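> Need coordinates for the following:
(one chain, ligands or ions: 1)
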Amino acid sequence: MLREILQILKDVGFDELIVERLQEVKKEKLRRLEEINQEIHRCVKCELHKGRNKAVLGEGNPFSNIMFIGEAPGEEEDLQGRPFVGKAGQLLTQAIERAGSRREEVYIANINKCRPPENRQPTIQEQEACLPFLERQIEIVNPKVLCLLGATAYRGILKTQPKITQERGKVLDFRGRTVFITYHPAYVLRNPTEKETFFRDIKMAIELAI
Ligand code: SF4
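The predicted structure follows:
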């Protein structure tokens, strides 16, 4: 997508120096994200490192206006080293596409970078140990909107334990960014009657980021 933007800028006669500067910024963002990636693969700050195959940093457009934040890698994510690639991830991808966007255009991350055993919820201590990595990712990508997927993402960012069925759909202001709250797609898989609501929520989150 950046390549397309750069081409359009060149075509309309945009200053070559500005185009080059954008390329430099992209390179720097990717370098800093890779630095975090190296750190999480060595990280032993919490017990979750013991069971991981691959730590999962996150992925997507480093210039994205929206970052989706989930809980932690599951089995597939742990094996592939990529976020949201299992069934729940496929539902998220479907919702993003239904909203007229593409997975490569957004950024996707989790509160915890290593898989909890039996996919249990990470403890608050484990969440807090891992959060500095996510905070750095947010600073680097600098999205306008944080879309919190489920209760763990909500607690990790907003520091209060929510009733997600009451909080979903809310739009909050948080440290100069817009926070939008919805279900985790794994919850939607268990509660298929919420699928259309989830699709609508993801569309709204993406529209907030435009
Ligand atoms: S979950 Fe986060 S804090 Fe815990 S070991 Fe993995 S990278 Fe480190």
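> Between the two ends of stretch 96-105, how far is it?
In stretch 96-105, first residue to last residue: 10 Å (C-alpha to C-alpha, to the nearest Å).
> before we move on, what about stretch 181-195?
Terminal residues of stretch 181-195 lie 15 Å apart, using C-alpha to C-alpha.
> Let me know the average pLDDT across it.
Throughout stretch 181-195, pLDDT has a mean value of 98.
> try stretch 16-25
87.
> same check, this time on stretch 133-150
Regarding stretch 133-150, the rounded mean pLDDT is 98.
> ok, now stretch 30-47?
98.
> can it be found next to the ligand?
Yes. Judged by C-beta under 6 Å from any ligand atom, stretch 30-47 comes into contact with the ligand at 40, 43, 44, 45, 46. (Each C-beta comes from the backbone N, C-alpha and C, glycine too.)
> And the residues you listed, which of them are buried?
40, 43, 45, 46 (16 or more other C-beta atoms under 10 Å).
> In helices only, show me these.
residue 40 (DSSP state H).
> hang on, residue 58 packs against residue 81?
No. Contact between residue 58 and residue 81 fails when scored by C-beta atoms under 8 Å: they sit 10.6 Å apart.
> between those two, who's got more neighbours?
residue 58 (24 against 17; other C-beta atoms under 10 Å).
> returning to what we had before: mind listing which of the residues of stretch 30-47 next to the ligand are in strands?
Judged by DSSP state E, strands contain none of those.
> Quick check: of these, which lies closest to residue 164?
Of all the residues of stretch 30-47 next to the ligand, residue 46 has the smallest distance to residue 164: 23.6 Å, by C-beta to C-beta.
> Not counting stretch 5-15 itself, show me its contacts.
If you take C-beta atoms under 8 Å, 6 or more residues apart in numbering as the criterion, stretch 5-15 is touched by 16, 18, 19, 22, 23.
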